[in-house]
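>>> show me the folded form of this:
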Amino acid sequence: MNNFYTYLHLRPDGSPFYVGAGHGRRAHRLKTGRSNSLHRKIIDEYGIKNIIISIVETGLTKEEAFTREQKLIAELKSKGHQLCNKTDGGSGMPGFVHTEETCNKISAALTGQVKSVEHRAKLSKATSRTMKGNQYAKGNKYRLGTKHSEETKTKISNAAKGREARLWMQREGKCARIKPDQLEAFIDDGWKRGRK
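Numbering: from 1, shown residues only. Predicted structure coming up:
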């Protein structure tokens, strides 16, 4: 698909500091999804609202966009511009996969490292916060792992005591919640008790 483009991030004076290729809102994401510390430093220095975003060329395939990015980087560097691009362009780092040898080296380096109690507590706290919003959690994921206090349970109970009982009815894939005195009318109309 030809929805890729090349773009520049420019300082307020118009001098380029980053060349990129992407699609969608990629050029406009100045903070999120950026691992380049020099890029972030320049944005912090000038302020996010003062950075100029220039779309150079649109309607490109992914490969064309990466090729144009490489050419732009080479051209701007040859003219003396200081760019914060970590690579010479192209696909860069997205989807980078370590070789098995590198994975084994990383594993060996980390094996046997004992983390301090303080470090483990920080990891546990960070993980528990993210697990509450875990997309794979079942049920009420927003309160996952938390319990109501006795005071809250009492409030919920008292609020429910004043409510009139309701019954669930179903028919042809539709559900309805009715008052008990409506039960006979719904059954006569072909509804059954329960939910789908």
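>>> domain assignment for the protein?
Listed domain ranges for the chain are 4-78, 164-196 (source: automatic domain parsing).
>>> pipe the ones you listed into TSV and attach mean neighbour count, mean pLDDT and distance to residue 126 per row.
(Each C-beta comes from the backbone N, C-alpha and C, glycine too.) Listed next are the domains of the chain as TSV, based on neighbours: other Cβ atoms under 10 Å; pLDDT from 0 to 100; distance: least, Cβ to Cβ, whole Å:
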stretch	mean neighbour count	mean pLDDT	distance to residue 126
domain 4-78	15	88	19
domain 164-196	11	83	38
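>>> in a markdown table: these, plus distance to residue 125.
A markdown table is the format used below for those (distance: least, Cβ to Cβ, whole Å):
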| stretch | distance to residue 125 |
| --- | --- |
| domain 4-78 | 23 |
| domain 164-196 | 39 |
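>>> for residue 103, which of the ones you listed is the nearest?
Across the domains of the chain, residue 103 has its closest neighbour in domain 4-78 (19.8 Å, Cβ to Cβ).
>>> that older thread, I'd like to know which of the domains of the chain is closest to residue 122.
With Cβ to Cβ, the closest approach to residue 122 among the domains of the chain belongs to domain 4-78: 21.5 Å.
>>> which residues in the protein form helices?
For the chain, helices defined by DSSP state H occupy the ranges 37-46, 62-78, 100-110, 117-132, 150-161, 183-188.
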